[in-house]
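Asker: here is a sequence with its predicted model. Questions after.
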Amino acid sequence: MAEKILAVLEQREGNLKKVSFEAASVALNLANQLGLQAEAVVVGKEISNLNELSKFGISKLTHLKNESLENYSPSAYTEAIASFAKDNEAKILIFPNTAMGVDLAPRVAVKLNSGIVMDCMKLEVKDNEVIATRPVYAGKALIDVKLKSDIKIFTIRPNVFKPQAVDSSTVQIEVKQIDNPNLKTKVTAFKKSEGKLDVAEADIIVSGGRGMKGPENFHLIEELAEVLGAAVGASRAVVDAGWRPHREQVGQTGKTVSPSLYIACGISGAIQHLAGMSSSKYIVAINKDKDAPIFNVADYGIAGDVFEILPALTEEIKKLKS
């Protein structure tokens, strides 16, 4: 049996998430350079869009299926993926660095006795070895890491590795029934805001900080986000104050994001916040304090009152889009 690189995909409510296609593209790219086979695996109940994986060059996808595995179960998912990886001689596993991936990947690493590098922002092959680049010191520096273990696991930061479609490809989908899964722990339900984007996967994010002065003013953030088709984010201070839910928190103790555009409104730029968003492609800062640390990482800065700038900016974008 040929050695493999395995992309571990993630699904939510019966659909593959966008970050799964990113993981698949990374696995295929590394496999081509290392002369290995690239395959994918996903755990779940019914998954409707498995065929979409064919766009990204993966030749085989295995669906580890059970009626009880619609939602994430740390114990069951760990056993299923670790067992599958062993049986199929997977030498490298690629996980998304999502909330689920951050929990699941280390558990699988223990089962496989493998090395692991979390939150990778770059993966390249040198001398037939995978070199991973990840942030350290709260994002203030980057470090290159090479694993010496026989089996290697990498988690990739969402929105950093863009999915690369191939011209023509078909994917073989194999369904493998998982009998008697270990449901010692299980997510029973997901509570989400309908119609709102997840900041971890959004391509554009509009975030608010203490400069918004209160939850009643966040409608300005929401209106700009709606016009841009963006997700709403928040700083830790805002979440701690109860103005916004924790799922919107960006930063070291919240979610790490890498959108194409990040608009920081009334955010001073504490190091914990910068650690979660400094890898954004373009950063726009709006702050009354021209000496705020956020301007040190911003590509574009507006020193002014957010309560004047946000409505004007929203109206101008509406005009452009109309």
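Answerer: Happy to help now that I have it.

Asker: could you report the neighbour count for residue 8?
Answerer: When neighbours are defined as other C-beta atoms under 10 Å, residue 8 has 28 of them. The C-beta positions use only the backbone N, C-alpha and C, and glycine is treated the same way.

Asker: wait, it sits on residue 81?
Answerer: Yes: counting by C-beta atoms under 8 Å, residue 8 touches residue 81, with 6.0 Å between them.

Asker: need the residues touching each of the two.
Answerer: Among the neighbours of residue 8, those also in contact with residue 81 (C-beta atoms under 8 Å, 6 or more residues apart in numbering) are 41, 93, 104, 108.

Asker: and those residues, which two are furthest apart?
Answerer: Taking C-beta to C-beta as the measure, these span a maximum distance of 11.9 Å, between 41 and 104.

Asker: shared neighbours of these two, which are they?
Answerer: Common neighbours of residue 41 and residue 104, using C-beta under 8 Å, 6+ apart, are 8, 81.

Asker: from residue 186, how far off is the nearest residue to residue 81 once chain neighbours are set aside?
Answerer: In this structure, residue 81 finds its nearest non-sequential neighbour in residue 108, 5.4 Å apart by C-beta to C-beta, 6 or more residues apart in numbering. In this view, residue 108 and residue 186 are 17 Å apart by C-beta to C-beta, to the nearest Å.

Asker: looking at these two, which one has more neighbours?
Answerer: Per other C-beta under 10 Å, whichever of residue 108 and residue 186 has more neighbours is residue 108, with 25 against 17.

Asker: roughly how far apart are the more buried one and residue 43?
Answerer: On the measure of C-beta to C-beta, residue 108 and residue 43 end up 11 Å apart.

Asker: could you pull out the helices for the chain?
Answerer: Ranges of helices within the chain are 18-34, 74-87, 99-112, 219-228, 236-240, 271-277, 306-321, based on DSSP state H.

Asker: packing partners for the second one?
Answerer: The one in question is helix 74-87. strand 4-8, strand 37-44, strand 60-65, strand 90-96, helix 99-112 (3 or more C-beta pairs under 8 Å, 6 or more residues apart in numbering; DSSP states H and E).

Asker: try 6 Å this time
Answerer: Here helix 74-87 touches strand 37-44, helix 99-112, going by 3 or more C-beta pairs under 6 Å, 6 or more residues apart in numbering; DSSP states H and E.

Asker: return the most buried member of these.
Answerer: Mean neighbours per residue, mean count of other C-beta atoms under 10 Å, is largest over these for strand 37-44, with a mean of 24.

Asker: to residue 173, which of the helices and strands packed on helix 74-87 lies closest?
Answerer: The minimum distance between residue 173 and these falls on strand 37-44, with 9.7 Å, by C-beta to C-beta.

Asker: what angle do the closest one and helix 74-87 make?
Answerer: Angle of strand 37-44 versus helix 74-87, following axes from the mean of the first three to the mean of the last three C-alpha atoms, to 10 degrees, is 160 degrees.

Asker: convert the C-alpha atoms of strand 37-44 to CSV, please.
Answerer: C-alpha atoms of strand 37-44 as CSV (Å, rounded to 0.1, in the frame of the first residue of the first chain):
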residue,chain,number,x,y,z
GLN,A,37,-0.9,9.9,-2.8
ALA,A,38,-3.4,12.5,-1.6
GLU,A,39,-6.7,11.3,-0.1
ALA,A,40,-9.3,12.8,2.2
VAL,A,41,-11.5,11.6,5.0
VAL,A,42,-14.5,13.1,6.7
VAL,A,43,-16.6,11.9,9.6
GLY,A,44,-20.4,12.5,9.8
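
Asker: I'm done for today, thanks for sticking with me.
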